[in-house]
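1. Just to be clear, the model below is a prediction. Sequence and coordinates:
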Amino acid sequence: MTTAETIRLTQYAHGGGCACKIPPGELETVVSGLIGAELPQGPGELLVGLDDGDDAAVVRIRNGTAIVATADFFTPVVDDAYDWGRIAVANALSDVYAMGGEPVVGVNLLSWPRDVLPMELAAEVLRGGLAVAREAGCHVAGGHSVDDPEPKYGMAVTGVADPATLMRNDAGRAGMPLTLTKPLGIGVLNSRHKSTGEVFEQAVAAMSALNKAASEAALAAGIGCATDVTGFGLLGHLHKLARASGVTARIDAAAVPYLDGARTALADGFVSGGTRRNLDWVRPHLDPGTADEGELLLLADAQTSGGLLVAGELPGHPVVGELVPARSGGVTLEVR
């Protein structure tokens, strides 16, 4: 008989974590008809919407306050139910932190194959999510669940921010350094975990860590341009930032940090389809310099609950590149 202790949650999903996102090129095509739509006549002023593919929506309301709204959910990225819950909620909260906001309340989003997986595992997922929300000082108030052939979990989060200090992906300017607050390599390690069952505690620790402190440090430094690095990889999210800001991003490949075991996982072939799609999407806009295909795949590695990428310097975190004047021919990314 199968018990909760022997169930490998990653085996019940076609993909894992943010690597199961719809490819960025396809997604942009789908939502293109929604950009520039007529705004409703109601309370609030939309400050950040779909135009530049930022991390969350922002609406200014009364008394100089902005509401930050986002939703994020995905299939199991690890086999441990409690850890999956922690990771999923840290990832959802990250969208608010990436905008310079503070999360206030979240509601759970749960899909569960109730005739296949025990409900006690679903309870563990929710318990993990609640633990991270409490760490963030964010209320959790209910949510929504459906019976689904594939397990999925995440959260819709509402936060608040000062409209004058928002961090946006269209505010980058040439000359700004680029700082990354978590190492890359989460995707290849997660792919190895799904395939072999090996547990990588360094990856779990990175994914479940909040971006709260990094966001607060960026705000204190007066930084106004940031994004988080998740399913589209460093190259994908940096392409969106550079495109929105009208600049080119130059990456110093030797300065980019990686989790222990990431390069070994790459060499052993544990590269997700999502990572390969990320690289294919940005390749027309990429000057790879002397970087080989393996290096580019790591830079495009589909992260789950990755760090913040900020246009500015943050003490204790590596500078991995800089923004430079826009190049001709649609080149938004350089690797050096």
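-> Looks like it arrived, so ask away. All figures in this text were calculated on a predicted structure; none of them were measured in a lab.

2. all helices of the stretch 51-200 of the chain, in order?
-> Secondary structure of the stretch 51-200 of the chain (DSSP state H, counting those that start in this stretch): helices located at 81-98, 119-136, 186-196.

3. okay if I get those helices as a markdown table plus mean pLDDT?
-> Formatted as a markdown table, those follow (pLDDT from 0 to 100):
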| stretch | mean pLDDT |
| --- | --- |
| helix 81-98 | 98 |
| helix 119-136 | 98 |
| helix 186-196 | 97 |
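
4. Return the most buried member of these.
-> Comparing these by mean neighbour count (mean count of other CB atoms under 10 Å), helix 81-98 ranks first with a mean of 28. Every C-beta, even on glycine, is put in place using the N, C-alpha and C of the backbone.

5. That one to helix 186-196, inter-axis angle?
-> 160 degrees (axes from the mean of the first three to the mean of the last three CA atoms, to 10 degrees).

6. got the end-to-end distance for stretch 269-277?
-> 15 Å (CA to CA, to the nearest Å).

7. And that stretch, what's buried?
-> Neighbour-count burial for stretch 269-277 flags 270-272, 274-275, 277 (criterion: 16 or more other CB atoms under 10 Å).

8. Mind checking which of the residues you listed are in helices?
-> 274-275, 277 (DSSP state H).

9. Including pLDDT and distance to residue 177, could the residues you listed go into TSV?
-> Putting those into TSV (pLDDT from 0 to 100; distance: CB to CB, whole Å) gives the following:
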residue	pLDDT	distance to residue 177
274	93	28
275	96	26
277	95	29
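
10. hang on, the earlier thing: which one of the buried residues of stretch 269-277 is nearest to residue 159?
-> residue 274 (26.9 Å; CB to CB).

11. roughly how far apart are residue 277 and residue 207?
-> Separation of residue 277 from residue 207 (CB to CB, to the nearest Å) stands at 21 Å.

12. confidence score at residue 49?
-> Per-residue pLDDT puts residue 49 at 81.

13. That one contacts residue 56, correct?
-> No. Using CB atoms under 8 Å, residue 49 makes no contact with residue 56, being 10.1 Å away.

14. Tell me which of the two has more neighbours.
-> residue 56 (25 against 16; other CB atoms under 10 Å).

15. before we move on, back to that, to residue 173, which of the helices of the stretch 51-200 of the chain lies closest?
-> That would be helix 81-98 among the helices of the stretch 51-200 of the chain, by CB to CB, at 18.2 Å.

16. Check which helices and strands the closest one sits against.
-> Counting contacts by 3 or more CB pairs under 8 Å, 6 or more residues apart in numbering; DSSP states H and E, helix 81-98 packs against strand 66-74, strand 102-112, helix 119-136, strand 152-161, helix 201-208, helix 212-220, strand 226-228, strand 308-311.

17. Quick check: bridge partners of residue 177?
-> For residue 177, the beta-bridge partners under DSSP bridges are residue 322.
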